[in-house]
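**Q** have a look at this prediction, sequence included:
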Amino acid sequence: MKRRLLLLLPLVGFLVLGGFLYQGLSINPAERDSALVAKPFPAFALSALDDPGRTLDASLLQGEVTLVNVWGEWCPTCKQEMPQLLELADRGVRLVGVDYKDSREKGRQFLAEFGNPFEVNLFDPEGSLGFDLGVYGAPESFLVDADGVIRYHHTGYISPEDVTEVILPEVEKWRD
């Protein structure tokens with residue numbers, strides 16, 4: 001009897017481990033919540049993409065609700081997302097870009113080709129700000145309130161539906 005139980009233990013262990021792996025693999029990473037929601041935007045000191053001599057810091061995000069969008073020239077989804085970001089800018093949403101793990105020249109070419117909805121673009125070639133934000137890929141967007149606190153995190157592509165159904169309502173909620 002004991003021998004049978006001992007033979008079943010590896011099978012039971014395998015089934016339990018398999019259940020945990022299945023559950024972990026079925027989680028959609030785009031639906032994960034950022035640990036930074038309701039916390040101040042991380043401190044940074046980065047140059048502007050268009051002006052290497054201009055250093056910007058987190059005070060840039062004070063005073064007005066801002067959508068911070070992490071993008072890169074190397075990111076095909078960022079190209080698909082650009083029309084939605086241009087629409088958000090046209091609708092009065094303040095946007096700040098973070099050119100993530102890119103070269104200055106390629107970032108500038110990207111904006112020249114696809115449009116530039118951003119008030120300013122931070123140049124983050126090493127990904128230091130992206131790391132502090134917990135970014136694991138681009139695009140990712142963070143809605144920051146007028147006090148510099150992250151209020152919403154959008155992982156991945158902002159679709160046309162997301163503009164009207166998610167992003168604009170979130171912006172309005174935090175403008176009040």
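**A** Received, thanks.
**Q** from here on, contacts and neighbour counts on C-alpha atoms
**A** Noted.
**Q** and the pLDDT for the residue nearest to residue 140 when sequence neighbours are not counted?
**A** Sequence neighbours aside, residue 155 is the residue nearest to residue 140 in space, at 4.7 Å (criterion: CA to CA, 6 or more residues apart in numbering). Listed pLDDT for residue 155 reads 94.
**Q** now the closest residue to residue 61 other than its chain neighbours: how far from residue 101?
**A** Leaving aside its chain neighbours, residue 61 sits nearest to residue 148 (5.4 Å; criterion: CA to CA, 6+ apart). According to CA to CA, to the nearest Å, residue 148 and residue 101 sit 24 Å apart.
**Q** who touches the residue most central in space within the chain in this structure?
**A** Nearest to the geometric centre of the chain sits residue 140, at 2.1 Å (CA atoms, centre = their mean). Taking CA atoms under 8 Å, 6 or more residues apart in numbering, we find residue 140 in contact with 69-71, 153-157.
**Q** and the two most separated of the residues you listed?
**A** 71 and 153 (14.3 Å; CA to CA).
**Q** great, nothing more from me.
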